[in-house]
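Asks: Structure for the following, please:
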Amino acid sequence: MHIWPRTALLLGVLCALSTTSWAQGQGPGVIVGTVVDIATDSTLTPASVALYSTADSSFVTGVATDAAGAFRFDGLPAGGYRVRVSFLGYDTVRRDTVVGTEPVRLGRLGLTATAQALGGAEVVGDRPEVQQVGDRTIYDVQNQAVTAGGNALETLQTLPSVDVDVDGNVSLRGNGDVAIHVNGRPVPLQGALLTGYLRQISSSQIGSVEVIPNPSARYDPEGTGGIINIVLVQNTDRGLSGGTTVGGGTAPAAELGGTLSYQRGAFDGTGTLGVRYDAFDLAGTTERGVPIVGVPGFQAYDEATETLSVFTTARVDYAAAPRTALVFEGVLGQRDQAGTEDLRQFSTRGGPESGTRFADGDEAGLTASVAAVLNHDFAPPPTRGRGPQHRLSLEAKAFRTRSDDDDVFTERASGVLTGLEQSTEDQTVVDAYAKADYTRPVGSGLIEAGGRLTRRSVDGTLDYSIGEVAVTDPLRSNALTYRETVLAAYGQASRSFGRLETLAGLRVETTSRAFDLLNDAPPLAGLPPLEGEADDRYTDLFPSAFLTLPIQGRSGSNLRASYSRRISRPSASQLNPFPSFEDTLTIRRGNPALSPEHTDAFEVSARYKYLVTVTPFYNRTTSPIRRLLTEGTSGTRVFGLANLDLQETYGVDLSVFERRGPVRAYIAGSLYRSTTSGMALGSTFSSDDVQATARGNIRVQVAEGTSIQAFGYYRAPQETETGRVSGFGIVSLAAAHELSPSLSLALRVNDLFATSTFTFESFDGATVPLIAVRNPAIQQAFITLSYSFGSSSDREAPQAPETEADSGFGF
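Replies: Reported below is the predicted structural model:
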C-alpha cells in the first residue's frame with residue numbers, strides 16, 4: 001500500500017474591487033451615511049464614526065452622528081478610505097471606500113447588538129455563533145475546539161439539521177440531495193468524489209457555514225435538499241496578516257495549514273494552504289437472512305485507508321475603475337489515497353471459512369477551479385435605503401477534477417490462489433458556467449434578473465483484466481461519455497410594505513443531456529437488461545416566494561414564510577447501467593431511464609431574539625430516486641436505482657441558543673415524518689417512518705483564555721423503502737487555551753464513547769437477505785497549535801477619536 005504526495009502550487013492573478021467610487025479630477029471629496037440598528041432599522045446616536053486612510057492605516061478625522069443618526073465628512077482628498085462605525089453595545093462595522101469627485105453615499109450602515117446590549121440573554125457577541133440573514137442561517141465555526149484538526153465533513157456534522165453518515169454523505173433534514181457550495185459557488189461533484197473533496201478542506205480553513213433550505217429563484221435550483229455554503233477564511237485586515245496551524249492525532253492523523261493576506265490600496269489578496277494526512281479503519285459483517293445453497297451466507301471485512309491531501313486557495317480583489325469591481329479566485333486540491341480490504345466468506349455465521357477476497361488499491365485525484373467576477377455599480381448607493389445597489393455582476397467559473405483508481409483483487413480458497421483481477425478506472429469531470437445578474441432599486445423595492453449557461457461533461461474508462469498476465473476482460477471493461485447543458489433565466493422582485501418584507505421570483509431552465517456507453521452492459525442473471533443510452537431534453541419552472549415580518553420592539557425576532565421549487569438531476573454514475581464487480585456477491589448499477597426528481601419546499605419559521613427558532617416544514621418530492629435491492633437467480637444481490645412516485649416529508653426544526661456569563665450553548669433537533677410510495681422494478685415499494693435527530697454543543701470559559709467544549713449527536717433508527725437503519729450517536733470533548741494573544745492550543749477527543757457502530761438491513765419486499773453491521777474506527781485524540789499575526793484594530797486603536805466597546809461519477 002503506497003501513498004505518494006504531489007506538489008500542488010496554484011498561481012493566479014486575481015483582481016477585484018469593492019463597491020465604491022474611484023477619484024477622478026480635482027475638488028473636495030464627501031462621504032455621507034446613516035447609522036442604524038440592523039434589527040429594528042432605528043437610528044443610533046451619537047455613534048462614533050472614524051475615518052482612516054487605506055494607504056497607510058493612519059487616522060484622518062472623526063465625527064459623531066447627529067440626532068437623525070447621520071454623519072458627513074467634507075473636504076477629503078481623492079483616495080482610499082476606511083470608515084469605522086462604533087456604538088456602545090453594538091458590533092463595530094468597517095466599510096472601505098474610494099473618494100472621487102462625486103459624493104460617496106454609504107446609505108444606512110446597520111450595526112448588530114452585542115451580548116451586552118441584550119442583557120441576561122446574551123447570544124450575540126463579537127463573533128455571534130449564529131445569525132439569520134435573509135434566506136440563510138449563518139453559523140460561525142471558526143476556531144471551534146470540537147472540530148480542531150478535523151475536516152469540512154466533521155464541521156458540518158456539528159450544525160443543526162445537517163447530518164453526515166459514515167461514508168461522508170451530507171443530508172439536510174433527512175434529504176441527502178444537498179447542493180454543496182464553497183464561497184458561494186457550487187461544487188459539481190457527487191458521491192465519493194464530493195466526499196474526498198470535502199475531506200481535503202481542513203476545519204481551520206473554514207470561517208462560517210451558511211445553511212439555505214429554501215433558496216430564491218436567483219440561485220441554481222440543483223439539490224432538492226437546499227444549499228450548504230462553506231465560506232473559507234478570508235482575512236480583512238489591512239497590511240500583512242495571516243496565521244498557521246499544525247496538529248497531529250492518534251488515528252494517526254496530521255495537519256499543517258496556513259493563511260496569508262495582504263491588503264494595500266486597491267489590492268486585497270488572500271491565500272490559504274492546507275496539508276492533511278488521515279488514516280481510517282472500518283470493520284463490518286454482512287449476513288443473509290435467508291441462506292442460499294452454494295452461496296456464502298456470512299461475510300466479514302476489514303478496511304484500512306490512508307489519505308494524503310493538499311488543498312490551496314487564492315483570491316485577489318482589485319479596485320479597477322470607478323464603481324467597478326474585479327475578483328479572481330482559484331482553488332487547487334490534490335488527494336492521494338491507498339487502501340486495503342480483507343473480505344472473508346463463510347457458508348454461515350460460525351461456520352468454516354470458504355474463501356477470501358483481498359483488495360489493494362491506490363487512488364489519486366486532482367481538482368482545480370478558477371473563477372472571475374466583475375461587479376459594476378451604475379451609481380453611488382442612495383443616502384437612504386438598504387439592500388443591493390443598481391449593479392451588474394458578471395461571473396465565469398471553470399472546474400475540473402480527474403481521478404485515477406488502480407485496484408488489485410486476489411481470491412483464495414483454503415490458502416490456494418483461485419483468482420487474480422486488476423482494474424484501472426480513469427474519470428475526468430469538467431463543469432463550466434457563465435452568468436449575469438442585474439439588480440436595480442425601483443421606488444421602495446428592488447428588481448433582479450439574470451441568466452446562466454452551464455456545461456458539464458464526464459469522461460471515464462474502465463479496464464478490467466484477469467490473471468497474472470493481465471488479459472483484458474471485455475465483459476467488464478467499458479468507457480462512458482456524459483454531456484449536460486443547462487440554460488437558465490430568472491427574475492424576481494422584492495418590496496417592503498411597512499414592516500413586512502416580500503420577495504417573489506421565477507426561474508426557467510432548459511436541460512439537455514446525452515449519455516453513452518461504448519459497450520452495452522452485460523446481462524445479470526434473473527434481471528432485465530438496461531440500455532446504454534440516456535438522452536433527454538426538458539424545461540422546468542422554479543417559482544419562489546418569501547415573506548418576513550420583524551417583530552417590533554424585539555431585536556432579532558421575526559416571523560418568516562417561504563416556498564421554493566428545486567430539482568435533482570440524475571448524475572452520470574446514477575445513469576450508468578454498467579455494473580460494478582468489486583464485490584462478486586453484491587453488485588451495484590445505475591439506470592439510464594431515470595428522470596429528474598422535483599421538490600416543492602414550504603417552511604414557516606418563528607425566531608425570538610436570536611435565542612429560539614422554530615421551523616415547521618413540508619416537502620413534496622415527485623419521482624424520487626431510490627436505491628433498491630433485487631435478487632438475481634444466482635444468489636447475487638443487485639442494488640439498482642429507480643424512480644418511485646412520491647415522497648412527502650413534514651416536521652419541525654427547533655434550535656435554542658444561549659449565552660450566560662462564561663457559558664455558550666445550543667441544543668437543536670429535528671422531528672419529521674417521511675412517507676414514500678411507488679412501483680419500480682416490477683414491485684411496489686413504500687415507507688412510512690417518523691425520524692428524529694438531536695445534537696447539543698456547550699462551551700464553558702473556565703478561566704481567562706481557557707475553555708472546554710462538548711458536542712453530542714444522536715440519530716434515531718430509520719425505516720426506508722428497502723430496509724432499516726439502527727440509531728447511533730457520537731460525543732466529542734475538547735479544550736482550548738490561549739498561550740498568548742496570537743498563540744493558542746486545542747485538544748479534541750472524537751467519539752469519546754466509541755458509539756458510532758450501526759446496523760442496517762436491506763430486503764427486496766419478501767425476505768430479509770442482507771443484514772450488515774459497520775464499525776467505523778473514528779475514535780481519536782487530536783491536538784493543534786495555532787498562531788496568527790497582523791491586526792487592523794491594533795494599528796487603528798491608538799488614533800481613534802474615542803474609546804468604544806468593540807465587542808462520485810463513473811462506473
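Asks: Just to check, residue 318 is in contact with residue 263?
Replies: No - with contact defined as Cβ atoms under 8 Å, residue 318 does not count as touching residue 263 (11.1 Å). Using the backbone N, CA and C atoms, a C-beta is placed for each residue, glycine as well.
Asks: dump the residue contacts of the residue lying closest to residue 473 once chain neighbours are set aside.
Replies: Nearest residue to residue 473, sequence neighbours excluded (Cβ to Cβ, 6 or more residues apart in numbering): residue 464, at 4.6 Å. Residues in contact with residue 464 (Cβ atoms under 8 Å, 6 or more residues apart in numbering) are 421-423, 472-473, 476-477, 581.
Asks: Out of those, which two sit at the greatest distance?
Replies: Farthest-apart pair in these is 472 and 581; separation 13.8 Å (Cβ to Cβ).
Asks: Comparing these two, which residue is more hemmed in?
Replies: Set residue 472 next to residue 581 and count neighbours by other Cβ atoms under 10 Å: residue 581 wins out with 18 against 12.
Asks: tell me the average confidence for stretch 179-194?
Replies: In this model, stretch 179-194 has a mean pLDDT of 84.
Asks: now stretch 569-581
Replies: The average pLDDT within stretch 569-581 is 88.
Asks: circling back: which stretch of helix or strand covers the residue nearest to residue 473?
Replies: Secondary structure from DSSP states H and E places residue 464 in strand 445-466.
Asks: Pairing partners for the helix or strand just after that strand, with directions?
Replies: Tracing the chain C-terminally past strand 445-466 and defining elements by DSSP H and E, one meets strand 471-472 next. According to DSSP bridges, strand 471-472 forms sheet pairs with strand 445-466 (antiparallel).
Asks: Could you double-check that residue 749 lies in contact with residue 781?
Replies: Yes - taking Cβ under 8 Å as the definition, residue 749 is a contact partner of residue 781 at 5.0 Å.
Asks: separation between residue 312 and residue 189?
Replies: 18 Å (Cβ to Cβ, to the nearest Å).
Asks: Doesn't residue 197 belong to a helix?
Replies: Yes - checked against DSSP: H, G, I helix; E, B strand; the rest coil, residue 197 lies within a helix.
Asks: In which helix or strand does the residue lying closest to it once chain neighbours are set aside reside?
Replies: Nearest residue to residue 197, sequence neighbours excluded (Cβ to Cβ, 6+ apart): residue 189, at 5.6 Å. Element membership for residue 189, per DSSP H and E: none, as it lies in no helix or strand.
Asks: Quick check: buried residues in the helix or strand where residue 782 lies?
Replies: Following DSSP H and E, the helix or strand that holds residue 782 is strand 780-789. Within strand 780-789, the residues scored as buried using 16 or more other Cβ atoms under 10 Å are 780-784, 786, 788.
Asks: of all those, which comes closest to residue 353?
Replies: residue 780 (31.3 Å).
Asks: mean confidence for the strand holding residue 464?
Replies: On average, the pLDDT along strand 445-466 is 95.
Asks: what about residue 445, distance to residue 493?
Replies: With distances taken as Cβ to Cβ, residue 445 is found 6 Å from residue 493.
Asks: now swap in residue 652 and tell me
Replies: The gap separating residue 652 from residue 493 is 30 Å, by Cβ to Cβ.
Asks: Which strands or helices does the helix or strand containing residue 479 pack on?
Replies: Using DSSP H and E, residue 479 maps to strand 478-497. Contacts defined by 3 or more Cβ pairs under 8 Å, 6 or more residues apart in numbering; DSSP states H and E place strand 478-497 against strand 445-466, strand 500-517, helix 572-575.
Asks: any idea how far residue 601 is from residue 230?
Replies: Residue 230 is 21 Å from residue 601, by Cβ to Cβ.
Asks: Also residue 49?
Replies: Counting by Cβ to Cβ - residue 49 and residue 601 are separated by 42 Å.
Asks: Then residue 616?
Replies: Look at residue 616 and residue 601: by Cβ to Cβ, they are 12 Å apart.
Asks: my guess is residue 705 meets residue 737, correct?
Replies: Yes - in this structure residue 705 lies within contact range of residue 737 using Cβ under 8 Å: 6.3 Å.
Asks: which of those two has more neighbours?
Replies: Higher neighbour count among residue 705 and residue 737: residue 737, with 16 against 13, using other Cβ under 10 Å.
Asks: Now do that one, the pLDDT please.
Replies: For residue 737, the predicted pLDDT is 91.
Asks: How about the one 5 residues further on?
Replies: With respect to pLDDT, residue 742 has a value of 85.
Asks: wait, doesn't it sit right on residue 705?
Replies: No - the criterion here is Cβ under 8 Å, and residue 742 misses it with residue 705 at 12.0 Å.
Asks: about what we covered before: so how do I select the buried members of the contacts of residue 464 in PyMOL?
Replies: Selection of buried members from these for PyMOL, criterion 16+ other Cβ under 10 Å:
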select buried, resi 421+422+423+473+476+477+581
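Asks: how deep is the residue nearest to residue 197 tucked in, by neighbour count?
Replies: 22.
Asks: Correct me if wrong, but residue 379 is in a strand.
Replies: No - counting by three-state DSSP, residue 379 is not part of a strand but coil.
Asks: Now it: closest residue in space, sequence neighbours ignored.
Replies: Per Cβ to Cβ, 6+ apart, closest to residue 379 is residue 390, 5.4 Å.
Asks: Check the gap between residue 85 and residue 50 for me.
Replies: 8 Å.
Asks: same deal with residue 278?
Replies: Residue 278 is 46 Å from residue 50, by Cβ to Cβ.
Asks: same thing with residue 508?
Replies: Residue 508 sits 48 Å away from residue 50, going by Cβ to Cβ.
Asks: Also residue 219?
Replies: Distance from residue 219 to residue 50, counting by Cβ to Cβ: 37 Å.
Asks: next one: residue 311
Replies: Counting by Cβ to Cβ, the gap from residue 311 to residue 50 is 38 Å.
Asks: more crowded one of those two?
Replies: residue 311 (26 against 22).
Asks: Kindly state the beta-bridge partners for the more buried one.
Replies: residue 274, residue 333.
Asks: give the contact list for it.
Replies: 200-202, 205, 273-274, 276, 331-333.
Asks: Would you mind listing which of those are buried?
Replies: Neighbour-count burial (16+ other Cβ under 10 Å) applied to those gives 200-202, 205, 273-274, 276, 331-333.
Asks: closest to residue 42 among those?
Replies: residue 205 (37.9 Å).
Asks: Please give me every residue in contact with the closest one.
Replies: Counting by Cβ under 8 Å, 6+ apart, residue 205 has contacts 232-233, 257, 259, 272, 274, 311, 313.
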